[in-house]
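Q: predicted model, plus sequence, below.
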Amino acid sequence: LIYGVTYAGTAQLSDLRATLNRFGGTPTSTYNWQQNAANVASAATLSPGDWVCISSQAIYEAETNAKYGEFAQVETVVGNVLNMRERLYLPYTTAANAKVRKMAFCENVHVTGGEFVGGYAGMRYHGGIVFWHCRNFSVRGTRIRRTDYISAQCYKSMNGVFEGVSFSEDSYTGGNIGVDANYGSTSITVANSFFRDLCHAVDASGDTAIGGIARDITAVGNVAVNMTGAAFNTHPGVIGSINFSHNVVHMAVGLTSATPTGMTAIRCMGGSFTAVGKSLYNVTGHGIRHVHQTLPDTTVSTIITGNTIVASATNSADYTNNFGVLVDASVPGGYNVRSVAVSGNSISGFETGVGAYASGYSIKSCVITSNSVEQGSAATFLRGVFVRAAIGYTIGRYTITGNSVLSNVATGQGIYVLAEGAVTNGAVTGNTLIGAEYAMRFDGCNGAIERGNYAVGYATAKHFDSGSQNLDLDRSASPVKVNTGASYTV
């Protein structure tokens with residue numbers, strides 16, 4: 001069991017090399033986990049260099065019951081104090097039955113070339129290659145095909161690389177996977193590989209049994225074609241850095257919102273997410289979605305830059321209320337998102353181009369710049385850029401600059417900022433807006449400056465809800481409605 005000192009001062013923590021320090025709750029149940037040490041009942045079997053799995057029964061993500069757990073390497077042992085090489089990501093308590101287990105990895109396993117062919121029997125079996133409790137492993141230049149559910153699985157493994165591998169065809173229709181990094185797997189990289197006729201090319205998730213959070217997942221330079229779900233995907237229970245960049249994705253034809261695997265080209269349900277330089281085509285549903293799920297105070301940020309995202313011709317009929325880029329949450333009460341940055345993307349055919357929605361957390365900073373958005377067609381409202389805070393949540397500051405928006409339906413809106421909660425400290429400048437109903441709309445906002453935006457073809461003037469205040473707007477007093485064929489600068 002892990003236990004810690006209570007109300008230790010800075011000098012005491014320094015002397016002890018950071019024994020876990022209580023910061024709230026009862027003296028035996030809650031600790032300052034942002035340290036690099038753990039005090040255990042007995043360290044007799046542990047030595048410097050050993051790897052351990054620290055886990056507990058605490059639930060990290062309620063949606064899938066993923067439990068706390070992570071790997072750590074012992075730097076030194078002083079009495080019963082284990083000093084780790086890195087700080088722990090998550091908090092552990094005796095009340096949640098926290099434990100430290102020494103890990104024994106199968107190390108330095110490398111597969112090169114060859115072909116693995118599965119049974120293709122339509123069953124949910126594990127497929128071509130499975131790495132269980134492995135460290136420092138790789139698969140290169142290999143072909144894996146006609147599997148049942150998973151082509152290659154990483155289970156409580158770390159430091160794995162898949163490079164130049166071909167994954168194709170899987171008989172399981174409930175959400176088959178090329179590379180599965182789950183149940184505590186850490187530092188898994190998939191690069192320059194090819195995926196065809198699958199649901200998920202790369203998929204990561206947390207553990208529901210012993211405990212383990214997938215951490216630091218990278219997928220770069222891959223090509224995935226005829227995909228029936230989120231090609232690069234994480235479920236709840238993922239922490240660290242998630243980097244899905246420079247991949248090409250073609251989604252399959254004929255997908256709808258009823259498809260059991262859910263529809264989006266790229267989805268991350270972890271904390272820190274980067275998506276740069278992707279090319280996504282024939283997308284059904286959302287293009288790139290970052291769903292903030294994180295409950296503990298890990299790094300929470302979004303960078304989505306320089307992507308080409310093209311919806312299918314029937315996206316509005318197949319999956320209504322779709323976004324080219326959507327940053328939102330589904331777990332209420334999460335920690336604040338430190339930053340959202342969406343820039344330089346080319347987005348076409350979606351009902352809304354870029355959306356940032358503080359729905360289960362608050363956003364400290366939101367920057368949406370230099371995106372090109374051509375909206376699709378639908379019966380409902382369309383927005384080029386949509387920034388929204390739900391009741392009880394806040395967007396602290398936001399910048400919407402240099403975007404180009406084309407609306408294709410009568411209800412189209414260029415930029416819409418909606419404060420059901422609180423949206424403050426905004427700058428909306430230098431955007432080009434061509435379209436239908438409202439060029440810019442601010443509802444319930446507090447504090448914004450608007451300058452140098454150009455709008456043409458809108459049926460009404462800018463709309464400012466009576467609930468907004470402290471707005472500094474160009475020609476904000478003009479009551480004139482502008483005909484569809486007219487142009488004006490706001």
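A: Done, it's in.

Q: return the helix or strand in this structure with minimum mean pLDDT.
A: strand 2-3 (a mean of 33; mean pLDDT, DSSP states H and E).

Q: give the residue spans of the stretch 51-200 of the chain that score low on pLDDT.
A: 62-64, 126 (pLDDT under 70).

Q: and stretch 430-444, how far apart are its ends?
A: End-to-end distance of stretch 430-444 (C-alpha to C-alpha, to the nearest Å): 22 Å.

Q: list the buried residues for it?
A: Residues 431-444 are the ones in stretch 430-444 that count as buried (16 or more other C-beta atoms under 10 Å). Every C-beta, even on glycine, is put in place using the N, C-alpha and C of the backbone.

Q: again with stretch 53-61
A: Buried, per 16+ other C-beta under 10 Å, within stretch 53-61: 53-56, 58-61.

Q: now swap in stretch 198-216 and tell me
A: For stretch 198-216, the neighbour count (16+ other C-beta under 10 Å) marks 198-208, 210-216 as buried.

Q: among those, name the ones in strands.
A: If you go by DSSP state E, the buried residues of stretch 198-216 have 200-205, 214-216 in strands.

Q: what's the closest of the residues you listed to residue 225?
A: Nearest to residue 225 among these is residue 201, at 9.7 Å by C-beta to C-beta.

Q: test my guess that the closest one contacts residue 191.
A: No: using C-beta atoms under 8 Å, residue 201 makes no contact with residue 191, being 11.9 Å away.

Q: give the residues shared as contacts by the two.
A: Counting by C-beta atoms under 8 Å, 6 or more residues apart in numbering, the contacts common to residue 201 and residue 191 are 219, 222.

Q: please give me every residue in contact with residue 383.
A: 351-353, 355, 375, 412-416.

Q: quote the end-to-end distance of stretch 365-373.
A: Span of stretch 365-373 from end to end, C-alpha to C-alpha: 22 Å.

Q: list the contacts of that stretch.
A: So stretch 365-373 is contacted by 324, 338-348, 350, 353-354, 356, 384-385, 387, 395-406 (C-beta under 8 Å, 6+ apart).

Q: mind naming the longest strand for this protein?
A: The chain, longest strand under DSSP E: strand 66-78.

Q: list the buried residues for it?
A: 66-72, 74, 77.

Q: what's it packed up against?
A: Packing partners of strand 66-78 (3 or more C-beta pairs under 8 Å, 6 or more residues apart in numbering; DSSP states H and E): strand 51-61, strand 81-84.

Q: the shortest one: how far from the chain's middle?
A: Taking the mean C-alpha point of strand 81-84 and that of its whole chain, the gap between them comes to 31 Å (C-alpha atoms, centre = their mean, to the nearest Å).

Q: mind giving me the packing neighbours of that strand?
A: Short answer (3+ C-beta pairs under 8 Å, 6+ apart): strand 81-84 packs on strand 37-40, strand 66-78.

Q: what pairs with the longest one, parallel or antiparallel?
A: Within its sheet, and counting by DSSP bridges, strand 66-78 is paired with strand 51-61 (antiparallel), strand 81-84 (antiparallel).

Q: of all the ones you listed, which one is nearest residue 420?
A: strand 51-61 (25.5 Å).

Q: parallel or antiparallel, list what pairs with the strand or helix carrying residue 328.
A: Applying DSSP states H and E as the criterion places residue 328 in strand 323-329. Partners of strand 323-329 in the sheet, by DSSP bridges, are strand 286-292 (parallel), strand 352-358 (parallel).
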